[in-house]
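Trainee: Predicted model and sequence below, questions to follow.
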Amino acid sequence: MKVDVIVGLQWGDEGKGKIVDYLAPKYDMVARFQGGPNAGHTIKFDGKKFVLHIMPSGIFHDNLINLIGNGVVIDPAILMKEISQLEESGFEVMSKLLISKKAHLILPTHKYIDAASEYAKGKMKIGSTLKGIGPAYMDKTGRNGLRVGDVFSDNFKDRFYVLKDKHLKFLHQFDALPKFDIEAEERRFFESIELLKKYKTVDGEYFINEFLDLGKNVLAEGAQGTMLDINHGTYPYVTSSNTITAGVSIGLGIAPSRIGKVIGIVKAYTTRVGSGPFPTELLDEVGERLRVEGNEYGATTGRNRRCGWIDLPQLKYAIMINGVTDIALTKLDVLNGFNPIKICDAYELENGDRTEKLPYDLDNEKIKPIYEDHKGWSEDISKAKSIKELPTIPQEYIKKLERDLKTPISFISVGPERSALIIV
Ligand code: GDP
Ligand code: IMO
Ligand code: MG
């Protein structure tokens, strides 16, 4: 069997969690392959709301396994808190969760370095979630990191303190350091490591390949989005992992030929949280209205998300990089009442040329989006259960996107609840 993939095609927060949760019962495993607690995946059903950070979004269903894969970075304190919240809500976790031994650990001092580094950057800051993601991946590629499999060895604590010392020396370079309670954080870290040891750890790459050989289905759950990819995003305003389809092979240890369907999640408009270029950003009352109507506040940090119109050159780029076979269009309901709805078809460059490709520099000073106006609609579409139940104008919006993106839109989400979904 093959691994189907969910990836974000914009700057994250496209609604990946909702779609993974909906699709999960069709699979035998949901696997996270990259990122860590910088992610915030919201799932709503039966009037309840959950936000998952490290836990794969298949956890609300029985009869399937959730794997935290090799490519993920784990903050044990956050994972244990997530588990206890799920258990308090009546969801059993222990029997459904597997943790890859090769997943790296986020140490308290990774978070400290993240905060110090952002503070030192001042206006140039990335807008990191400050969860220690960048420093943990730096230690991974720098070959200093500690992994889940290491927690069982006798010298784990020694290795922890060697790395911590390295971090403290590194922190000396900063002129100013933000407040950080190392002792409390460290206490929490070690308490959580003891709890983590009770969960089942696996050789992720063997487990998943043998699982597929048995004819089982796997859904890989991406975090962040294509434009935050370390190689192909709006560098340096990106995260530190491979957020794209190729990251599935890297993060889970499956061959590229084992990738099946790639479902790209696209919000009906665009949002970004944190710093960095955003060509179609709206800094006016329309952008503010999108934020309010779309409830665009960070699921992990609570920060305001920046809002703007949908951007076709950006999406074409993401579809190309990911090999998207199907699109899931989310938050279409949020566009109710906006008139016109603008669609960015191309950019105008500084020299007046028009391009449908993403320029190297996406600085708003250097490129201007060229918009096409699309008629708005004012009917509530959040109860629609099929395409036919949608009024003509949103149907035309969907057709226009499908035509231009040359990719079928197979799912249309019209509300945050699990059930508010049209399967095309
Ligand atoms: P993720 O990180 O990609 O999983 O997305 P987030 O959970 O960070 O952000 C998506 C937000 O939109 C969450 O608050 C969801 O509950 C909500 N949401 C998802 N799909 C829809 C939809 O179709 N309509 C509306 N109105 N909200 C949605
Ligand atoms: P999900 O999975 C949106 C952004 C941060 C920042 C940049 C780097 O919920 O879609 P980091 O903490 O990784 O050093 O931050 O990336 N970012 C996200 N934005 N959704 C996310 O995850 C994000 N994870 C990181 O805001 O700009
Ligand atoms: Mg999110």
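Mentor: Yes, it's here. Ligands and ions are numbered 1, 2, ... in the order given.

Trainee: got the contact list for the residue lying closest to G145 once chain neighbours are set aside?
Mentor: In space, and not counting its chain neighbours, G145 is closest to D139: 4.1 Å by Cβ to Cβ, 6 or more residues apart in numbering. Any C-beta I mention is one placed from the backbone N, CA and C, and that applies to glycine too. By Cβ atoms under 8 Å, 6 or more residues apart in numbering, D139 lies in contact with H104, H110, G145, L146, L163.

Trainee: 10 Å instead?
Mentor: With contacts defined as Cβ atoms under 10 Å, 6 or more residues apart in numbering, D139 is in contact with 73, 104-107, 109-110, 113, 132, 145-146, 163, 166-167.

Trainee: Just send those back as a markdown table, with neighbour count, distance to N217 and secondary structure too.
Mentor: Shown next, in a markdown table, are those (neighbours: other Cβ atoms under 10 Å; distance: Cβ to Cβ, whole Å; DSSP: H, G, I helix; E, B strand; the rest coil):
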| residue | neighbour count | distance to N217 | secondary structure |
| --- | --- | --- | --- |
| V73 | 29 | 26 | strand |
| H104 | 22 | 27 | strand |
| L105 | 26 | 30 | strand |
| I106 | 28 | 30 | coil |
| L107 | 24 | 35 | coil |
| T109 | 26 | 39 | helix |
| H110 | 27 | 34 | helix |
| I113 | 24 | 39 | helix |
| G132 | 27 | 33 | coil |
| G145 | 20 | 31 | coil |
| L146 | 20 | 32 | coil |
| L163 | 18 | 38 | helix |
| K166 | 14 | 42 | helix |
| H167 | 20 | 41 | helix |
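
Trainee: which among the residues you listed are in contact with ligand 2?
Mentor: Subset of the contacts of D139 in contact with ligand 2: empty, counting by Cβ under 6 Å from any ligand atom.

Trainee: farthest pair in the residues you listed?
Mentor: V73 and K166 (17.3 Å; Cβ to Cβ).

Trainee: re earlier: check what pLDDT the residue nearest to G145 gets.
Mentor: pLDDT, D139: 98.

Trainee: same check, this time on K366
Mentor: As predicted, K366 sits at a pLDDT of 88.

Trainee: Which helix or which strand is home to it?
Mentor: Assigned by DSSP states H and E, K366 belongs to neither a helix nor a strand.

Trainee: Identify the residues contacting it.
Mentor: Contacts of K366 (Cβ under 10 Å, 6+ apart): P277, P279, Y347, E348, L349, E350, P359, Y360.

Trainee: do the same with G132
Mentor: 36-38, 73, 75, 78, 105-115, 139 are the contacts of G132 under Cβ under 10 Å, 6+ apart.

Trainee: returning to that earlier point: any chance of the contacts of D139 in a markdown table, plus pLDDT and distance to T300?
Mentor: Shown next, in a markdown table, are the contacts of D139 (pLDDT from 0 to 100; distance: Cβ to Cβ, whole Å):
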| residue | pLDDT | distance to T300 |
| --- | --- | --- |
| V73 | 98 | 14 |
| H104 | 98 | 19 |
| L105 | 98 | 19 |
| I106 | 98 | 14 |
| L107 | 98 | 19 |
| T109 | 98 | 20 |
| H110 | 98 | 16 |
| I113 | 98 | 19 |
| G132 | 98 | 13 |
| G145 | 98 | 22 |
| L146 | 98 | 23 |
| L163 | 98 | 25 |
| K166 | 98 | 27 |
| H167 | 98 | 23 |
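
Trainee: Within range of ligand 2, give me the residues from the chain.
Mentor: 8, 11-13, 38-41, 126-129, 131, 133-134, 223-225, 228, 239, 273-274, 299.

Trainee: Narrow these to those in helices?
Mentor: Using DSSP state H, I133, G134 are the members of those that sit in helices.

Trainee: So which residues of this structure form helices?
Mentor: Using DSSP H, helices in the chain cover 16-23, 76-88, 108-121, 133-141, 156-171, 182-196, 204-213, 246-252, 285-293, 312-322, 392-405.

Trainee: who wins for proximity to G233 among these?
Mentor: So among these, helix 312-322 is nearest, using Cβ to Cβ, at 9.7 Å.

Trainee: how far out from the middle of the chain is the closest one?
Mentor: Put simply, helix 312-322 sits 16 Å off its chain's centre (Cα atoms, centre = their mean, to the nearest Å).

Trainee: can you check stretch 399-418 too?
Mentor: Worked out by Cα atoms, centre = their mean, stretch 399-418 lies 19 Å from the chain centre.

Trainee: returning to that earlier point: export the contacts of D139 to JSON lines and tack on distance to Y397?
Mentor: Listed next are the contacts of D139 as JSON lines, based on distance: Cβ to Cβ, whole Å:
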{"residue": "V73", "distance to Y397": "38"}
{"residue": "H104", "distance to Y397": "42"}
{"residue": "L105", "distance to Y397": "45"}
{"residue": "I106", "distance to Y397": "41"}
{"residue": "L107", "distance to Y397": "47"}
{"residue": "T109", "distance to Y397": "48"}
{"residue": "H110", "distance to Y397": "43"}
{"residue": "I113", "distance to Y397": "44"}
{"residue": "G132", "distance to Y397": "40"}
{"residue": "G145", "distance to Y397": "45"}
{"residue": "L146", "distance to Y397": "49"}
{"residue": "L163", "distance to Y397": "51"}
{"residue": "K166", "distance to Y397": "53"}
{"residue": "H167", "distance to Y397": "50"}
